[in-house]
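Participant: Just a sequence and a predicted model for now, questions to come.
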Number of protein chains: 2
Amino acid sequence: MREDILDTGGAKKRITIHDVAAAAGVSISTASKALNNTGRMGDETRERVKRVASDIGFRPNALARGLLSKRSFTIGLLTNDTYGRFTLPVMAGVSEALVDHGVSVFLCAIEDDPALGQIHVEAMLDKQVDGIIATGKRLDRRLPVDLSNLPVPVVYAFTEGTPNSVTFRSDDAQGATLAVEWLLRSGRQRIAHITGPKEFFSVRERADAYSAAAGSAEPVLYGLWSESWGHDAIAEIWRRPGEKPDALFCGNDQIARGAVDALRERGIKVPEDVSVIGFDNWEIVAAQTRPPLTTVDMELKELGRQAGLTVLALAEGRPVEPGVRKLPCRLVVRQSCGGSTPRE
Amino acid sequence: MREDILDTGGAKKRITIHDVAAAAGVSISTASKALNNTGRMGDETRERVKRVASDIGFRPNALARGLLSKRSFTIGLLTNDTYGRFTLPVMAGVSEALVDHGVSVFLCAIEDDPALGQIHVEAMLDKQVDGIIATGKRLDRRLPVDLSNLPVPVVYAFTEGTPNSVTFRSDDAQGATLAVEWLLRSGRQRIAHITGPKEFFSVRERADAYSAAAGSAEPVLYGLWSESWGHDAIAEIWRRPGEKPDALFCGNDQIARGAVDALRERGIKVPEDVSVIGFDNWEIVAAQTRPPLTTVDMELKELGRQAGLTVLALAEGRPVEPGVRKLPCRLVVRQSCGGSTPRE
DNA sequence: GTCAAATGAAAAAACGTTTTCTCAAAAAAA
DNA sequence: TTTTTTTGAGAAAACGTTTTTTCATTTGAC
């Protein structure tokens, strides 16, 4: 072999069941049955075939197998979340749940481009995926591609689904309630809510739950999903006359971080003077904030896991009830909310 | 159909080339040749077959095709970067480069678990991937799985490869030089370098390039990859006697952000008093810092694109020279480095 | 008008499995 | 013994393509 040219590895011939059969001195049908524990044959024969197969390193060709069985042991994950902030945990959960079942995952990032989405969907269907999971960065938006009449099952995770589909999402209202109640139980009285744009469904949902739980007359501050908005919101609150809040519930961790920074700049101590709770548990923001943020985790990995198992069930023809499944959020307690530590 | 049970979609029979042949009144071989523009036949026949195929929505089964052609039009992307901070741009590049060629990408997140890695690799090989791209979060570490004797080509991207392999990585030295020279050209004289742990190869590489370019007697400050280290490093520098730096070149954006925050707390203005340049162009940190960070972008998407095209070339048997390919970095100028704006 | 060449299209083989069908030999029942 | 049942294992079909081979017609040259 020339040394300056890379070995492509393509030359090595793969071992087929024919090789196993030949080496074991049986027919391919016997070999197949031996390896799959089906059919009738002597124990000795079965064991010998298995041993030979393992010795020569036989691994069945999934393409050939899939051609016959109509199952490719492959699913597609479609996402428009370029950052991966939401997709990555979901993906991790899907993959984790399915790897045990021998299922691999195609990842298709389609931005917000319908044409690209179409291309990816077609490529996946051509490759005979057993199902598709659609995921996004927003609960109240559809992916820019029509998945309603596909020949394979579709499950939606963290994105708006079609009417009669299975959709997994986080229970944002419950998450918000969790945060507010924690603050109340730790003795906080005046909780403000600084959050993202009102157009987001999850913003309204969290805000409503906040109002219900806090029973507060405080107006909700709607703005952007950015640190600077968190910063500005604090300026706004402190500019206004009247009593200041002793706790903040923020719409996401970035806003919370901006708010914490703004408070520090004003010499207000977190958590001594003001408790702060964020949303998302985006580690990279929440854990690096000083002090580290208490925040609501949407359990996206678990969401992905369930979506994975569900699409698998559908692919296997097991019955699944359609509808929206809300998964509970979890409060991750770090140092940004103090007061008397409430009971667990 | 019962209404409370979801349509699995599995029932719909897929359209095969047999259906096309029957509908067009030709044999399947003629149908195949018509659709692939091969073989000899009358123009009228060819057009008729194509029209019929498109009318009834025929799409060839990639499994069957792959069985024969030994190409699955599928590659695997292996990563141990759970956060996706490095993997996501690489993945985006790979996918973007390959989607035009009809190639889909399996994403396998293997954490740092050798057993999990092994499982994923075997699953991919069973599915007859045409090649594998290994990517990670660190240039000087191997993935915890042996890819050296696979029957398919392997390309490494942003991770240490095996001796005779193709590896793509960023040219960190060039990137660091870019940053330092920009600062020098904008009139800065005393540039400090705050960076990550010395064990990282890229830290040493960037630091060496910094020293060479800055010609500086300033010692490099090694620490962690965190904001708080950036913060602490500023405290350390300002605690020491002597002249203070008028520019900082930081090992990553998080350190830079911590430094910028620390400077602000001391009433030192960025960029008026001190210019700051980061590394990574991690938008979520760099763009949200106040002021937004000038930073070095490693062009990971381009890196992914090239890795994708290379693994494709290898899969098709085209010759590729082994070795490490360093891709140039790019300076992304935002507001954190001022002084007189240097010429482009 | 005969033969060779070109054309159009079908038949058959192949890819690597799994599954159904068949069949001979051995064991059990009559 | 003869007949039936059980056992073990091979042959063949199937999955949906592509590719090679074959073959009957038509066309062109002499």
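Facilitator: That came through fine.

Participant: Only alpha carbons, please: show the one helix or strand A:Val94 maps to as PDB.
Facilitator: In the assignment (DSSP states H and E), A:Val94 maps to helix A:87-99. As requested, the backbone C-alpha atoms of helix A:87-99 are provided in PDB (Å, rounded to 0.1, in the frame of the first residue of the first chain):
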ATOM      1  CA  THR A  87     -32.600  19.700  21.400                       C
ATOM      2  CA  LEU A  88     -29.500  18.400  23.000                       C
ATOM      3  CA  PRO A  89     -31.000  17.100  26.200                       C
ATOM      4  CA  VAL A  90     -34.000  15.800  24.300                       C
ATOM      5  CA  MET A  91     -31.700  14.000  21.900                       C
ATOM      6  CA  ALA A  92     -29.700  12.600  24.700                       C
ATOM      7  CA  GLY A  93     -32.800  11.200  26.300                       C
ATOM      8  CA  VAL A  94     -34.100   9.700  23.000                       C
ATOM      9  CA  SER A  95     -30.800   8.100  22.200                       C
ATOM     10  CA  GLU A  96     -30.300   6.800  25.700                       C
ATOM     11  CA  ALA A  97     -33.800   5.200  25.700                       C
ATOM     12  CA  LEU A  98     -33.400   3.600  22.200                       C
ATOM     13  CA  VAL A  99     -29.800   2.400  22.200                       C
END
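
Participant: is whichever strand or helix holds A:Thr30 anywhere near DNA strand C?
Facilitator: In this assignment (DSSP H and E), A:Thr30 forms part of helix A:28-36. Yes: Helix A:28-36 reaches DNA strand C (C-beta under 7 Å from any atom of the strand) through A:28-29, A:32-33, A:35-36. (C-beta placed from N, C-alpha, C; glycine too.)

Participant: DNA strand D: which of the residues you listed is nearest?
Facilitator: Using C-beta to the nearest atom of the strand, A:Ser29 is the member of those that lies nearest DNA strand D, at 3.1 Å.

Participant: From chain B, how far out is the closest one?
Facilitator: 19 Å (C-beta to the nearest C-beta, to the nearest Å).

Participant: returning to what we had before: quick one: list the elements packing against the helix holding A:Val94.
Facilitator: Identification of packing neighbours for helix A:87-99 by 3 or more C-beta pairs under 8 Å, 6 or more residues apart in numbering or on different chains; DSSP states H and E yields strand A:74-79, strand A:104-109, strand A:131-135, helix A:300-315, strand B:104-109, helix B:114-126.

Participant: For B:Lys326, which of the ones you listed is the nearest?
Facilitator: Checking the helices and strands packed on helix A:87-99 against B:Lys326 by C-beta to C-beta gives strand B:104-109 as the closest, at 24.0 Å.

Participant: now for that closest one, which elements pack on it?
Facilitator: Counting by 3+ C-beta pairs under 8 Å, 6+ apart, the packing neighbours recorded for strand B:104-109 are helix A:87-99, strand A:104-109, helix A:114-126, strand B:74-79, helix B:87-99, helix B:114-126.

Participant: Just the residues contacting it, thanks.
Facilitator: Contacting residues not belonging to strand B:104-109 are listed as A:77, A:91-92, A:95, A:104-108, A:120, A:123-124, A:127, B:73-82, B:91, B:94-95, B:98, B:117, B:120-121, B:123-124, B:127, B:129 [C-beta atoms under 8 Å, 6 or more residues apart in numbering or on different chains].

Participant: ok, now stretch A:206-216?
Facilitator: Against stretch A:206-216 from outside (C-beta under 8 Å, 6+ apart): A:172-177, A:179-181, A:184, A:190-191, A:193, A:195, A:220, A:222, A:249, A:251, A:279.

Participant: try it again with 7 Å
Facilitator: For stretch A:206-216, contacts defined as C-beta atoms under 7 Å, 6 or more residues apart in numbering or on different chains pick out A:172-173, A:176-177, A:180-181, A:191, A:193, A:195, A:220, A:249, A:251, A:279.

Participant: cool, and stretch A:145-152?
Facilitator: In contact with stretch A:145-152 (C-beta under 7 Å, 6+ apart) are residues A:110, A:114, A:117-118, A:121, A:125, A:129-132, A:134, A:154, A:162, B:9, B:12, B:14.

Participant: Look at that stretch and report the distance between its end residues.
Facilitator: Distance between the two ends of stretch A:145-152: 15 Å, counting by C-alpha to C-alpha, to the nearest Å.

Participant: try stretch A:195-204
Facilitator: Using C-alpha to C-alpha, the two ends of stretch A:195-204 sit 9 Å apart.

Participant: hmm, back to that, ok, so of the contacts of stretch A:206-216, who is nearest DNA strand C?
Facilitator: A:Asp172 (44.5 Å).

Participant: What's the PyMOL line that selects buried ones from the contacts of strand B:104-109?
Facilitator: Of these, the buried ones go into a single PyMOL selection, burial set by 16 or more other C-beta atoms under 10 Å in any protein chain shown:
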select buried, (chain A and resi 77+91+92+95+104+105+106+107+108+120+123+124+127) or (chain B and resi 73+74+75+76+77+78+79+80+81+91+94+95+98+117+120+121+123+124+127+129)
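
Participant: Any idea which residue is closest to the centre of chain A?
Facilitator: A:Val90 (1.5 Å; C-alpha atoms, centre = their mean).

Participant: Provide a list of residues in contact with that residue.
Facilitator: Residues in contact with A:Val90 (C-beta under 7 Å, 6+ apart) are A:135, A:157-158, A:300, A:303-304.

Participant: bridging residues for the closest residue to A:Pro245 other than its chain neighbours?
Facilitator: Distances taken as C-beta to C-beta, 6 or more residues apart in numbering or on different chains place A:Ala192 nearest to A:Pro245, at 4.0 Å, with adjacent residues excluded. Per DSSP bridges, the residues bridged to A:Ala192 are A:Leu248.

Participant: residues near A:Ala192, how many?
Facilitator: 24 (other C-beta atoms under 10 Å in any protein chain shown).

Participant: repeat for A:Leu224
Facilitator: 17.

Participant: if I read this right, it contacts A:Thr195, doesn't it?
Facilitator: No: the criterion here is C-beta atoms under 7 Å, and A:Leu224 misses it with A:Thr195 at 9.7 Å.

Participant: So what pairs up with A:Val155 in the strands?
Facilitator: Residues in beta-bridge contact with A:Val155 (DSSP bridges): A:Ile133, A:Val166.

Participant: Return the residues in contact with it.
Facilitator: A:Val155 neighbours (C-beta under 7 Å, 6+ apart): A:131, A:133, A:166, A:307, A:310-311.

Participant: Show me which residues of the stretch 151-300 of chain A sit near chain B.
Facilitator: A:151-153, A:166, A:226-228, A:254, A:288, A:290 (C-beta under 7 Å from any C-beta of the partner chain).
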